[in-house]
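Asker: starting from these lines, generate the structure:
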Amino acid sequence: HSVEPDTTELVTITGLNDGSTHVNVLAGQTDLSFDRDISCDPAPKVSYSQACAEFDDTVTVLLQNPGDDLAVTFTVNGTDYTLAPGETLAVLVDHLADGPNTINVSINGVAQPPFEVTSDCDPVFVVTPVCNTLDVDASVALYWFTISNTEAVDLIVAWNGGSATVPAGQTINVASTTAPLVLTHAGVEIARAGAAEANCERDVVVTKQMQGQPQSAEVYTVQVSRLVDGSYVAVTTFDLNAGESKTIHLPSTLDPAGIDYKIAEIASGTASTSNVSPDSLKLSGHLGETIGVVVTNGYASVRIDKSSSTTSVLPGGQVTYTLQAVNTGGLTLDPVVVTDRLPSLMSFVSATVAGGAGQCSLAQSARPQLISCTINGALAPGASAPLITVLANADAAVTAGTTLVNQAMVHGAFTTVDGLVEKINTASAAGGDLSCIPVISGSVCDLSAKVGVPVTQVAVEPSTGVSSAPSAQLPRTGAANLKTMLALGFSAVLLGGVLLLSRRRATR
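Answerer: Here you go, the predicted model:
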């Protein structure tokens with residue numbers, strides 16, 4: 001460049017790269033060279049963006065080298081990334097825990113202001129304590145919680161003692177042997193809750209009902225047992241009066257399989273039957289609708305009434321007996337069997353049930369003969385069976401003054417008794433007085449009062465208007481002693497004699 005004296009010329013040098021540059025300048029024999037640092041490229045750029053991916057917080061750090069001369073080294077959280085002129089690189093920082101996080105960045109070794117981010121990407125679950133299942137010793141066996149997935153996708157979660165896939169937007173029950181419950185997703189805690197204060201339980205109301213009544217007030221005992229390792233273990237025992245209801249609280253569980261219980265009446269007083277309905281329970285859930293159990297005691301009893309329409313009988317004469325069974329208890333009886341053992345000095349003629357409502361037969365033909373009648377159908381509580389009429393002849397050789405004593409017996413089955421008629425007839429086949437012993441299981445029995453019909457020497461003619469001597473009726477239990485029976489019989493004979501004497505005087 002030629003430069004006139006006392007003038008200045010501007011010289012432009014282009015195409016220089018950033019960095020230290022040496023510029024050679026010679027003015028004649030004088031060296032005017034110099035060094036300069038060139039920095040004309042745009043400054044490197046660093047930016048970030050934050051996003052959640054599958055409930056994992058991620059930060060994308062964007063590195064940019066817009067210059068065209070020099071490479072730039074970026075350092076992100078201790079990792080170097082060198083970018084050539086004009087290059088851009090996205091660096092992913094992931095697995096950030098929920099809460100505040102710091103991302104450190106430097107450019108060519110010069111620290112830049114760090115990025116402060118707040119992470120909140122873990123799935124949102126709600127954990128609620130519900131109740132605790134008690135063991136038979138009243139210790140806590142399981143702590144129950146509900147866990148609710150508020151997200152729009154199904155998620156796998158784990159807790160101390162288990163794991164499960166919870167459908168989107170749904171709630172499930174989970175149990176743990178320890179508390180609090182710590183809920184995690186992908187190894188990260190997302191929720192926790194302490195144990196509930198309440199115990200899982202269901203209310204069971206046990207009510208005592210009666211069919212019929214005992215002779216005096218009775219107390220009944222009910223026992224509840226729980227299935228533990230294949231065996232039932234008693235958990236509570238309580239007394240229950242007639243007509244009373246008691247509420248008991250039994251341990252329950254949120255497991256759909258439930259807890260199995262059995263309920264039994266272990267002391268039923270003098271009841272003929274004891275029935276528990278239902279006698280087994282499978283309890284699950286907590287509180288809710290009360291469960292009802294009814295313990296029913298049935299009292300069975302029966303009565304047999306026997307009378308003679310014939311007030312006296314001549315030797316060889318005929319006597320008519322009527323028998324009727326009455327259900328005096330609270331249970332239906334089926335079948336009802338009436339038996340009658342004739343005196344050894346009498347012989348069977350016939351036996352019929354009124355209206356054909358039963359069948360009679362001679363169960364033992366040898367003296368003393370045994371008659372057996374079975375009533376058709378069941379006999380309801382309080383109902384009377386159809387009348388049974390029995391005709392029997394006194395022996396011709398019977399001695400006047402003899403009292404023909406006869407007694408009947410009734411059996412009614414309140415449960416299924418196989419071969420009841422055969423059992424009754426077999427027990428009575430030995431002859432002698434009828435007896436309700438031995439007791440036939442599932443049935444009740446009663447003996448009528450003994451009916452005595454006196455034998456007279458001469459028939460009394462009713463045309464005179466004078467009644468003949470009435471038959472004597474002995475106690476129902478048959479417990480009167482022999483002297484009493486003989487006295488009654490002798491009195492009847494004397495009375496007959498008096499009537500006879502009166503008859504003769506009237507004739508004369």
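
Asker: so who does the closest residue to residue 99 other than its chain neighbours touch?
Answerer: Among residues not flanking residue 99 along the chain, residue 119 sits closest, at 6.1 Å (CB to CB, 6 or more residues apart in numbering). C-beta: built from backbone N, CA, C; applies to glycine. Contacts here follow CB atoms under 8 Å, 6 or more residues apart in numbering; on that basis residue 119 touches 50, 57, 96-101.

Asker: how much space between residue 119 and residue 149?
Answerer: Distance, residue 119 to residue 149, using CB to CB, to the nearest Å: 20 Å.

Asker: again, but for residue 258
Answerer: In terms of CB to CB, residue 258 sits 25 Å off from residue 149.

Asker: show me which of these two is the more surrounded one.
Answerer: residue 149 (22 against 16; other CB atoms under 10 Å).

Asker: now the strands: where do they sit in the stretch 151-300 of the chain?
Answerer: 155-159, 162-166, 171-176, 181-185, 188-193, 201-211, 219-228, 231-241, 245-251, 259-267, 273-277, 280-283, 291-298 (DSSP state E, counting those that start in this stretch).

Asker: per-residue pLDDT, residue 418?
Answerer: With respect to pLDDT, residue 418 scores 93.

Asker: residue 145 now?
Answerer: 97.

Asker: host element of it?
Answerer: strand 140-149 (DSSP states H and E).

Asker: residue ranges of the helices in the chain, please?
Answerer: 420-428, 482-507 (DSSP state H).

Asker: put the alpha carbons of the first one into CSV.
Answerer: So that's helix 420-428. What follows is helix 420-428, C-alpha atoms only, in CSV (Å, rounded to 0.1, in the frame of the first residue of the first chain):
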residue,chain,number,x,y,z
LEU,A,420,-91.0,-96.5,64.5
VAL,A,421,-93.9,-98.9,64.5
GLU,A,422,-91.7,-102.0,64.6
LYS,A,423,-89.6,-100.6,67.4
ILE,A,424,-92.7,-99.8,69.5
ASN,A,425,-94.2,-103.2,68.9
THR,A,426,-91.0,-105.0,69.5
ALA,A,427,-90.5,-103.2,72.8
SER,A,428,-94.0,-104.1,73.9
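
Asker: contacts for that helix next, please.
Answerer: Taking CB under 8 Å, 6+ apart as the rule, helix 420-428 contacts 335, 337, 339, 341, 363-364, 370, 372, 374, 409, 411, 413, 417, 434-435, 438, 440, 443.

Asker: which among the residues you listed end up buried?
Answerer: 335, 337, 339, 341, 363-364, 370, 372, 374, 409, 411, 413, 417, 434, 440, 443 (16 or more other CB atoms under 10 Å).

Asker: between these, which sits nearest residue 141?
Answerer: residue 417 (46.2 Å; CB to CB).

Asker: re the thing from before, mind checking which of the strands of the stretch 151-300 of the chain is nearest residue 125?
Answerer: strand 188-193 (4.6 Å).

Asker: picking up where we left off before, ranking the helices of the chain by mean pLDDT, which is last?
Answerer: Of all these, helix 482-507 carries the lowest average pLDDT, namely a mean of 33.

Asker: nearest residue to the residue minimising distance to the centre of the chain other than its sequence neighbours?
Answerer: In the chain, the centroid-proximal residue (CA atoms, centre = their mean) is residue 281; its distance is 1.6 Å. Sequence neighbours aside, residue 261 is the residue nearest to residue 281 in space, at 4.5 Å (criterion: CB to CB, 6+ apart).

Asker: what residues are up against the one you found?
Answerer: 224-227, 235, 250, 280-283.

Asker: how far away is it from residue 276?
Answerer: Applying CB to CB to residue 261 and residue 276 gives a distance of 11 Å.

Asker: what do you get for residue 122?
Answerer: Distance of residue 122 to residue 276, computed by CB to CB: 53 Å.

Asker: the two: which is more packed in?
Answerer: residue 122 (19 against 16).

Asker: ok, what's across the strand from the residue lying closest to residue 108 once chain neighbours are set aside?
Answerer: Using CB to CB, 6+ apart and skipping the chain neighbours, the partner closest in space to residue 108 is residue 73 (5.4 Å). Under DSSP bridges, the beta-bridge partners of residue 73 are residue 82.

Asker: which residues touch residue 73?
Answerer: Residue 73 sits in contact with 80-83, 107-109, where contact means CB under 8 Å, 6+ apart.

Asker: out of these, which one sits closest to residue 144?
Answerer: Among the contacts of residue 73, and counting by CB to CB, the member closest to residue 144 is residue 81, at 51.7 Å.

Asker: now the closest one. Nearest residue, chain neighbours left out?
Answerer: residue 74 (4.7 Å).

Asker: how about residue 309?
Answerer: Residue 309 sits nearest to residue 320 (CB to CB, 6+ apart), 4.7 Å away.

Asker: what about the one you found, neighbour count?
Answerer: Residues near residue 320, counting by other CB under 10 Å: 15.

Asker: what sits against it?
Answerer: Residue 320 touches 308-310, 389-391, counting by CB under 8 Å, 6+ apart.

Asker: mark which of the residues you listed are buried, thanks.
Answerer: 308, 310, 389-390.

Asker: now residue 105: how far from residue 207?
Answerer: On the measure of CB to CB, residue 105 and residue 207 end up 78 Å apart.
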